[in-house]
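> Structural data only, the sequence is not supplied:
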Ligand code: WTA
């Protein structure tokens, strides 16, 4: 892969201006799991010098195994195996083992609906529902290793479905409810799912979104799916296909609330989660059982400084990895109380998040910078109206948090009392790799602080040499860790070439970063053609191929532009077929087309029609130049390698009139 210059050079500069430091308060430090830098340094050193001893110690202490492993780690780059020979079940660790303790009647999931309705599932209640649904899966012929796709909004049935899959060893693949029928169909076919769990619809800002209707379209070309289980959420009318489609309530009604756990091998697949890459085809990130569970458990414990009495609210959608790891698997394995929210931050009114925090006395609040920026724009009064004194820790994930948003989050939401953990990680990494430990580390707004235990993170230059402090480069992880993904579903070649070919046997993250003189990490954004829109990873190639699939379009190039709320937005340059009218109606149609092909999250902010795109003599589109034009800059850099440099002048001129 040819590496590109980081597109967000400006972020680095603005971050560098921020020099304030926030050490942990005495009160926080004294009650924390990790109380000082000395403690962190010692434990970190041990974890790096002897990772096998460190992780086997954690595995023994934190998880329940049916049978102990024979070998902690086999590392034949790029393939890692953790805890080989070990037998374990995720649903057992998230549920059954708590039933033997006082946690039996502790709230596992507190669910808050968009309209303020709520439901609490204790560990015991959740266990019953999971067993019942696991029996439904068995009745429908699902066996260990079969894939089950889940296309649901944020309702308790989503968590029940996930845990039911893990109970019997089925591999789940959750497709975010905002994805279109086409995107759903692609993912179902890629993993060859036998069963789909969906709902009639979902609520979104008071509107009802028809999920089952989307699923019906997807299923026309997805022959592997034999049965569909449909949750009734919105009351939307749906078509049920006889023999294939079944209502959730009907099928669970007759099942027993007891269901044996399958003893899984530590390296058996746990789930597949699709994420965007630099080509049009999404990648099926494959996580396995023992290592993933251990990693999310241990990170959740230390980064959230999670205690028995805490109520944790991670606002992510479970359709993304953040929800998998820190709403469901990490917290439930620990035996914590996890809040699950169906709604959005500002519906039916701004301040909705804070109503929920106040209602449940949330102690740990974990969200994304895009949400913070949107809430900040609504005005401080919406935050100040509510009593947020229960919060003791704030978190951020998904994109670099700009120091200004960080300070607002700290001052206004946290009342100047609460540490903020800026956690850096990826779908591929399973859990957080670079994160402050809030009782030990001095925070710097905009920095994700230090590598977690066992994580050897380094910054390389093109040649694979470590760069000097404060010099930007490519963030790589040079040792395996238990939570790392093991492969791309059905595409081992792409797994090797995307992640382990830049520097042989070393995990290439695709992010740029620098390490400052104190040893703290500063993330600089993606260095490939992946754009982070509101914390969602979108491959520009995916949007381009969606555009080109429209009859009127010959060619398209999509680049990121800065966006006040979303962090980054998309800007599309589109060349049309001859005799096509480049009018507003067509732009609207193209946006609709992208929604249909991928989902509304992939809609560009702006579309610019153009007769031609700037290309090199070998025909490669020069995105570097298009990025400058999209940002309305006239100085676009070197154009001498272009086949026809005059294209650029026309593009700049037309951009002004957009
Ligand atoms: C970005 C989400 C800076 C990064 C968990 C990464 C971040 C991509 C941070 C992964 C952060 C995530 N600071 N950038 N704290 N957290 N990112 O797979 O570019 O949806 O590669 O996983 O988000 O996004 P993904």
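Yep, it's here. This is a predicted model, so every value here is computed, not measured.

> drop to CA atoms for contacts and neighbour counts, all remaining ones
Will do.

> okay but residue 489 is in contact with residue 285, surely?
Yes - counting by CA atoms under 8 Å, residue 489 touches residue 285, with 6.4 Å between them.

> Of the two, which one has the most company?
It is residue 285, of residue 489 and residue 285, that has more neighbours when counted by other CA atoms under 10 Å, with 25 against 18.

> downstream neighbour of whichever strand or helix holds the more buried one in the secondary structure list?
In this structure, residue 285 sits in strand 283-288 according to DSSP states H and E. Following strand 283-288 in sequence order, the next helix or strand is helix 289-303 (DSSP H and E).

> anything in the strand holding residue 285 near the ligand?
No - using CA under 6 Å from any ligand atom, strand 283-288 stays clear of the ligand, coming no nearer than 9.6 Å.

> ditto for stretch 468-487
No - Stretch 468-487 lies apart from the ligand when judged by CA under 6 Å from any ligand atom; the minimum separation is 9.7 Å.

> Start at 331, not 1
New numbering, starting at 331: the last item is stretch 798-817.

> how about that stretch: buried residues?
Across stretch 798-817, burial judged by 16 or more other CA atoms under 10 Å covers 800, 802-807, 809-817.

> What of stretch 943-961?
943-946, 951-960.

> Which ones among those lie within helices?
Counting by DSSP state H, the part of those found in helices is 953-960.

> What about residue 567, how many residues nearby?
Neighbours of residue 567 (other CA under 10 Å): 12.

> just residue 846 next, same as before
With other CA under 10 Å as criterion, residue 846 counts 17.

> Ok, residue 910 next?
12.

> give the contact list for it.
residue 882 (CA atoms under 8 Å, 6 or more residues apart in numbering).

> sec struct for it, please.
coil (DSSP: H, G, I helix; E, B strand; the rest coil).

> give me phi/psi at it?
Residue 910 has phi and psi values of phi -100, psi 140 when expressed as degrees, to the nearest 10.

> State the distance from it to the ligand.
Taking CA to the nearest ligand atom, to the nearest Å as the measure, residue 910 falls 37 Å from the ligand.

> now swap in residue 462 and tell me
From residue 462 to the ligand the distance is 31 Å (CA to the nearest ligand atom).

> mind checking which helix or strand that residue is in?
helix 453-469.

> Just the pLDDT at residue 731, thanks.
Looking at residue 731, its pLDDT reads 89.

> secondary structure class for it?
Applying three-state DSSP: residue 731 is coil.

> So it is in contact with residue 702, correct?
No - at 9.1 Å, residue 731 does not count as touching residue 702 under the criterion of CA under 8 Å.

> So for the two, which residue has more residues nearby?
A count of neighbours by other CA under 10 Å puts residue 731 above the other of residue 731 and residue 702, at 26 against 19.

> in the stretch 381-530 of the chain, what residue is nearest the ligand?
residue 506 (11.8 Å; CA to the nearest ligand atom).

> Work out for me the element that residue sits within.
Using DSSP H and E, residue 506 falls outside every helix and strand.

> For the nearest residue to it once chain neighbours are set aside, which three-state class applies?
Distances taken as CA to CA, 6 or more residues apart in numbering put residue 649 closest to residue 506, at 4.1 Å, once the chain neighbours are dropped. Of the three states, residue 649 takes coil according to three-state DSSP.

> and this protein, which of its residues are near the ligand?
652, 727-730, 752-757, 841, 853, 855-856, 866-867.

> Among those, which ones are in strands?
727, 752-753, 841, 853, 855-856, 866-867 (DSSP state E).

> Please enumerate the helices of the stretch 331-480 of the chain.
For the stretch 331-480 of the chain, the helices defined by DSSP state H, counting those that start in this stretch occupy 339-346, 356-361, 367-379, 381-392, 420-421, 427-429, 453-469.

> Then the stretch 881-988 of the chain?
Under DSSP H, counting those that start in this stretch, the stretch 881-988 of the chain gives helices at 914-927, 953-960, 976-986.

> Not counting its own residues, what contacts the last one?
By CA under 8 Å, 6+ apart, the residues outside helix 976-986 that reach it are 938, 940, 942-944, 959-960, 962-964.

> same check, this time on stretch 668-680
437-445, 483-485, 533-536, 641-645, 657-658, 661-662, 681-683, 701, 705, 708, 712.

> and the gap between the residue in the chain sticking out farthest from the centre and residue 883?
Ranked by distance from the centre of the chain (CA atoms, centre = their mean), the top residue is residue 909, with 42.1 Å. Going from residue 909 to residue 883 by CA to CA, to the nearest Å gives 11 Å.

> repeat for residue 521
30 Å.

> and the closest residue to residue 508 other than its chain neighbours, what does it touch?
Nearest residue to residue 508, sequence neighbours excluded (CA to CA, 6+ apart): residue 929, at 5.9 Å. Residue 929 makes contacts with 508-510, 513, as judged by CA under 8 Å, 6+ apart.

> give me that answer again for 10 Å
506-514, 921-923 (CA atoms under 10 Å, 6 or more residues apart in numbering).

> quick one: residue 575 and residue 530 touch, right?
No - here residue 575 lies out of contact with residue 530, judged by CA atoms under 10 Å, at a distance of 11.3 Å.

> circling back: need the worst-confidence member of the buried residues of stretch 943-961.
residue 946 (80).

> is that residue in a bridge, and if so with what?
Here residue 946 sits in beta bridges with residue 972, as judged by DSSP bridges.

> Could you verify my assumption that it touches residue 968?
No - with contact defined as CA under 10 Å, residue 946 does not reach residue 968; the gap is 11.7 Å.

> Give the residues shared as contacts by the two.
Here residue 946 and residue 968 have residue 975 as joint contacts, going by CA under 10 Å, 6+ apart.

> Run the chain-centre distance for the helix or strand containing residue 546.
For residue 546, the host element (DSSP H and E) is helix 541-550. Mean C-alpha position of helix 541-550 versus that of the full chain (CA atoms, centre = their mean, to the nearest Å) differs by 24 Å.

> Next, the buried residues of it.
541-546, 548-549.

> for it, packing partners?
With contacts taken as 3 or more CA pairs under 10 Å, 6 or more residues apart in numbering; DSSP states H and E, helix 541-550 sits against strand 477-481, helix 511-521, strand 525-529, strand 557-561.

> Which secondary structure elements does the longest one sit against?
Yep, that's helix 511-521 we're talking about. Looks like helix 511-521 contacts strand 477-481, strand 501-504, helix 541-550, strand 599-605, strand 613-618, helix 914-927 (3+ CA pairs under 10 Å, 6+ apart).

> any chance of these in TSV, with distance to residue 738 and mean pLDDT too?
Shown next, in TSV, are the helices and strands packed on helix 511-521 (distance: least, CA to CA, whole Å; pLDDT from 0 to 100):
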stretch	distance to residue 738	mean pLDDT
strand 477-481	35	98
strand 501-504	33	98
helix 541-550	37	98
strand 599-605	31	97
strand 613-618	35	97
helix 914-927	33	96
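
> my read: residue 474 touches residue 524, true?
No - at 11.8 Å, residue 474 and residue 524 do not qualify as touching, with contact defined as CA under 10 Å.

> Looking at these two, which is more packed in?
Ranked by neighbour count (other CA under 10 Å), residue 474 and residue 524 place residue 524 first, with 22 against 17.

> Backbone torsions only: list them for the more buried one.
Dihedral angles for residue 524 - degrees, to the nearest 10 - are phi -90, psi -20.
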